[in-house]
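A.B. asks: Next input, structure requested:
(chains A and B)
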Amino acid sequence: MKSLEAMLDWFAAGREAVAAQGRRELQEARLRALPREEIFLYVKPIDNTRVRCVEARQEWVSSAAAVLFALMSALGVIAALAPSSVIWLCSHRIEELKQQRDDLLNRQRIVISREAELKSPPKLDEYSVGNHFVPPPPDAVVFVPPAGAVASSLPGR
Amino acid sequence: MRVWKRFAGVGKAAAAGGGARAKRPRGAGPDAELSRSRAQVVAVIVAGGAALVLMRLVTLQVFQHDLYTERARNQHVRIIDVPALRGTVFARDGYPLAISVRTESAIVNPEEIPDPDFFARVVGPAVGKDPGEIARELKRRKSNEGGSRRYYRLARHLTEDARKRLRLLQRTFPIHFVPDSRRDYPNGAIGAHVVGAIDAEGKGNAGIEQKLNDELAGIPGKLEVRAGARQDSFSSWFREESVPGVNLTLSVDRVIQYDAERFLLEGIRASHAESGTVVVMDPATGEILALANYPSFDPRREKPTREEAAARHSNIAVQIPCEPGSVMKMITVTMGIDTGLFRPESVIYCENGVFPRPGRRPIHDVHRYGSLDVSQVLVRSSNIGVAKISLAAGPVRLYEYLKKFGIGDKTGIELPAESPGILRPQACRDSRDRNCWTPSSHEYIAFGHEVSATAVQLARAVSIIANGGMLVRPHLVTRKSRPAPDGREIPLPLEIEPPKRVLRAETAFTIRRIMERVVLEGTGKAAAIPGYSAGGKTGSAQIFENGRWLNRHNSSFVGFAPVTNPRIVVVVTLNRTPLLGGAAAAPVFRKVAETALRVLHVPMDRPETAGQPAPEEQPEPAPEVSSSTVLLAEDLTSPEEAPAGVQPALVGPRVPDFRGKPLASVLREAAALGLPVETLGRGLARAQAPAPGAILPPGVPVLIRFGVAP
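C.D. replies: The predicted model follows:
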């Protein structure tokens, strides 16, 4: 070995020789029979040792452009559909809330009606008669009940 | 086909002879000519047909486009009115008198039910109906014996429980739910004639519900329904949203209304009357606080009895006028004092009970009175006294004052079919006119005959006295608002006619004092309210029927309380009772007025004693005078025609001593006595003319000078 360069060439040649041997083996096509079948497969190994990865810049750009285009298209579709979808969902929700509000207002009306019925003069009259509430006679002195007391809890009823 | 074959044959023949006539130019020869001519005929026919089709197409598509579009639309598009929620009617305390709530009704298509008996047995208990009735109805409709074949309302206004049960059954049976609404009247029959009721179609048929139906009903929404060839709808949407009805707040107080109805019923039973009415009104504003009628009805009842249906359309207080009787004397006496012809102290000879009228029926009094002053004429309710006042004033003035008090004119209250009452025109159009006053009409109208008025009209007339001379419009609605979608209330403008002065305040105050004496010492003693001063007038009009006078009266009492500042006017009328107004209607007035004053928190102005309160100032009784010294009223046909030099003797009040009193006291005292005064200066009164104790001539004011010069 005269130089390092020569040594490296020697190593490279060795490796080339091993690779060439492998290629030769690989190029040998073989017939292989499937077990218990009268079918023979022609088998040939594929040699991809010479395959080189080559950077194709143009292809990469076109791929990126395709991806970008797909992305933009998707965004466009979403942008086109999203407002109407949101509006549809919102209007659905609004209608639902309106319905709820109407129901609640209706319930409120029923409650108001019931309250008015319970506090109607005939009912109060009935209640007062049932509890023996009587108006004070003329010139009677009526004492104000103590704070927190109600008429029905006063003594002497 | 035959033509085709013939053409085919021609073609074959032409092909067969083609060799022989090979040298002949193509399309030449008789066969070709025949073929061409036939083809042309066919082409013309086809073209003609196509032209006809085209013409028809143009006619349909262009010229009759609108017609057929409309027809198609009518077949496929239906516009359904969706009723708006009816407005709520509130009482003055904010509680509803009538309110609508949304409900659901269950309906079925009888043709979709194969076994009505089974259906009825399962569904009947769920809706609380008799299964037998449901089955019968379904079978009747299925066999086309009555009712709609495709519609049967299973139950209306479903309760929450019934709806849940039917929802479960809906998986098995073809039960459908449709929206509905129910009108609730939480107070029951209270205020039925004011609030009214609605019919099965949801339209008002009485009271406010009828009169203001358009406002209460709102504007229905429009639902557009697209239907297929079989009229089965596949899509629907609202073209126009419904606008809810207007909410009304009434001036009616529920407690006063309830008590008015209660006491009216008691009064009717006690006096054996057939019908009656009570109206309670605020004289200052014209707000109706209560309006009760008997007989009444229950607005909640969907299928009223015959009596209730009749009562529903008979609002006595507004629709049925009756002779007011002596109540009318209030207007006649007011006229006498307001015109200056009479004063409260003016003495009128009352003919000892019988006032002979040459060529006419004599006028009688119930009691024999000699001479009464004007105030006593009203207090004692003397027919002869008021007839003489009317004679003195003349028919034109009486008619003018009746009109001022609103007799014969509708009040404009918001209730349906209001009657204007009966007041014939005073002036006749010609000699054949029978619908006008006779020469003696004003004598009888003066005490309430030949004239009719409704209870509301009487309430308005009394209000003029109570509020100091202002004519108010009785009304029920005090507020209008429209509910916004967010639940808020948007107030709507409400036009209320402002009061109009028709009477001098002094006159009104004077009449008020006289009417107080009616309650204290006159015919209306039963109307005295413990703890409050009250004024009023009784009225009893005997009923003339089938050519004879019956022992039945339209008894009434009109009054106000308290006298110093009246807060309420109450009119009570009991029809066809054997009792007179003082015995029948006055006690009802007392009870109703007492309740109303208590509810309105009006402070008492008298000691609250069970007995009759004593009057503040007992005026001296009018001196008895002989008939020779009293100028008879019939001699004064009208003031314009009074003979010169003849003064109405003894018809002047004595002037009190105003000296030393402040201006306010002088004015108050003068108003109480009905004296016109002219003041000069301010401070304390120093001098007056005429002198104290002198008789004031008619039309002459008392001139009072005060200490401080103006």
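A.B. asks: for the residue of the stretch 301-450 of chain B found nearest chain A, phi and psi?
C.D. replies: Distance from chain A to each residue of the stretch 301-450 of chain B (CB to the nearest CB) is smallest for B:R301, at 15.8 Å. Backbone N, C-alpha and C define where each C-beta goes, glycine included. Per-residue torsions, B:R301: phi -80, psi 120 (degrees, to the nearest 10).
A.B. asks: wait, isn't it in contact with B:E308?
C.D. replies: Yes: at 6.6 Å, B:R301 counts as touching B:E308 under the criterion of CB atoms under 8 Å.
A.B. asks: If you count surrounding residues, which of the two has more?
C.D. replies: B:E308 (18 against 14; other CB atoms under 10 Å in any protein chain shown).
A.B. asks: Quickly list what B:I99 is bridged to.
C.D. replies: Counting by DSSP bridges, B:I99 forms beta bridges with B:D184.
A.B. asks: who's in contact with it?
C.D. replies: Applying CB atoms under 8 Å, 6 or more residues apart in numbering or on different chains, we find B:I99 in contact with A:109, A:112-113, A:116, B:88-89, B:183-184, B:186.
A.B. asks: ditto for B:A691
C.D. replies: For B:A691, the contact set (CB under 8 Å, 6+ apart) comprises B:V655.
A.B. asks: and what of the one 3 residues further on?
C.D. replies: For B:A694, the residues meeting the contact criterion (CB under 8 Å, 6+ apart) are B:654-655.
A.B. asks: what's the answer for B:G336, then?
C.D. replies: Applying CB under 8 Å, 6+ apart, we find B:G336 in contact with B:342, B:346, B:374, B:389, B:392-393.
A.B. asks: sec struct for it, please.
C.D. replies: With DSSP: H, G, I helix; E, B strand; the rest coil as the basis, B:G336 sits in helix.
A.B. asks: And the pLDDT for it?
C.D. replies: Turning to B:G336, the model gives it a pLDDT of 94.
A.B. asks: so how far is B:L423 from it?
C.D. replies: 19 Å (CB to CB, to the nearest Å).
A.B. asks: Pull up the overlap in contacts between B:R301 and B:E308.
C.D. replies: Residues touching both B:R301 and B:E308 (CB under 8 Å, 6+ apart): there are none.
A.B. asks: Sketch out the low-pLDDT regions of the stretch 351-500 of chain B for me.
C.D. replies: For the stretch 351-500 of chain B, no stretch is flagged by pLDDT under 70.
A.B. asks: oh sorry, the question was meant for the stretch 201-350 of chain B
C.D. replies: Using pLDDT under 70, the flagged stretches of the stretch 201-350 of chain B are B:231-233.
A.B. asks: Near chain A, which residues of it are found?
C.D. replies: B:254-255, B:257-259 (CB under 8 Å from any CB of the partner chain).
A.B. asks: out of the residues you listed, which are buried?
C.D. replies: For those, a burial check counting by 16 or more other CB atoms under 10 Å in any protein chain shown picks out B:254-255, B:257-259.
A.B. asks: Could you find the closest non-adjacent residue to the residue in the stretch 201-350 of chain B that chain A sits nearest to?
C.D. replies: Using CB to the nearest CB, the closest approach of the stretch 201-350 of chain B to chain A is made by B:Y258 at 3.5 Å. Leaving out its chain neighbours, the residue that sits closest to B:Y258 by CB to CB, 6 or more residues apart in numbering or on different chains is A:P121, at 3.5 Å.
A.B. asks: How about B:F405?
C.D. replies: B:A461 (4.2 Å).
A.B. asks: ok, the one you found touching B:K403?
C.D. replies: No: between B:A461 and B:K403 there is no contact under CB under 8 Å: 11.1 Å.
A.B. asks: longest helix of chain A?
C.D. replies: As assigned by DSSP state H, the longest helix anywhere in chain A is helix A:57-118.
A.B. asks: Tabulate the CA atom coordinates of the helix or strand that that helix is followed by in PDB.
C.D. replies: Next in sequence after helix A:57-118, counting helices and strands by DSSP states H and E, comes helix A:121-130. The C-alpha coordinates for helix A:121-130 follow below in PDB (Å, rounded to 0.1, in the frame of the first residue of the first chain):
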ATOM      1  CA  PRO A 121    -112.200  36.900  47.100                       C
ATOM      2  CA  PRO A 122    -114.500  33.900  47.200                       C
ATOM      3  CA  LYS A 123    -111.600  31.600  48.200                       C
ATOM      4  CA  LEU A 124    -110.400  34.100  50.800                       C
ATOM      5  CA  ASP A 125    -113.900  34.400  52.100                       C
ATOM      6  CA  GLU A 126    -114.200  30.700  52.300                       C
ATOM      7  CA  TYR A 127    -110.900  30.500  54.200                       C
ATOM      8  CA  SER A 128    -111.800  33.200  56.600                       C
ATOM      9  CA  VAL A 129    -115.200  31.600  57.400                       C
ATOM     10  CA  GLY A 130    -113.500  28.300  57.800                       C
END
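A.B. asks: Which positions in helix A:121-130 come out as buried?
C.D. replies: Residues of helix A:121-130 classed as buried by neighbour count (16+ other CB under 10 Å): A:121-122.
A.B. asks: hmm, back to that, save the residues of the stretch 201-350 of chain B next to chain A as CSV, and put in distance to B:I99 and secondary structure too.
C.D. replies: Listed next are those as CSV, based on distance: CB to CB, whole Å; DSSP: H, G, I helix; E, B strand; the rest coil:
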residue, distance to B:I99, secondary structure
B:R254, 14, helix
B:V255, 19, helix
B:Q257, 17, helix
B:Y258, 18, helix
B:D259, 23, helix
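A.B. asks: Could you identify the most distant pair in these?
C.D. replies: Across these, the longest distance by CB to CB is 9.7 Å; it joins B:R254 and B:D259.
A.B. asks: Perfect, that will be all.
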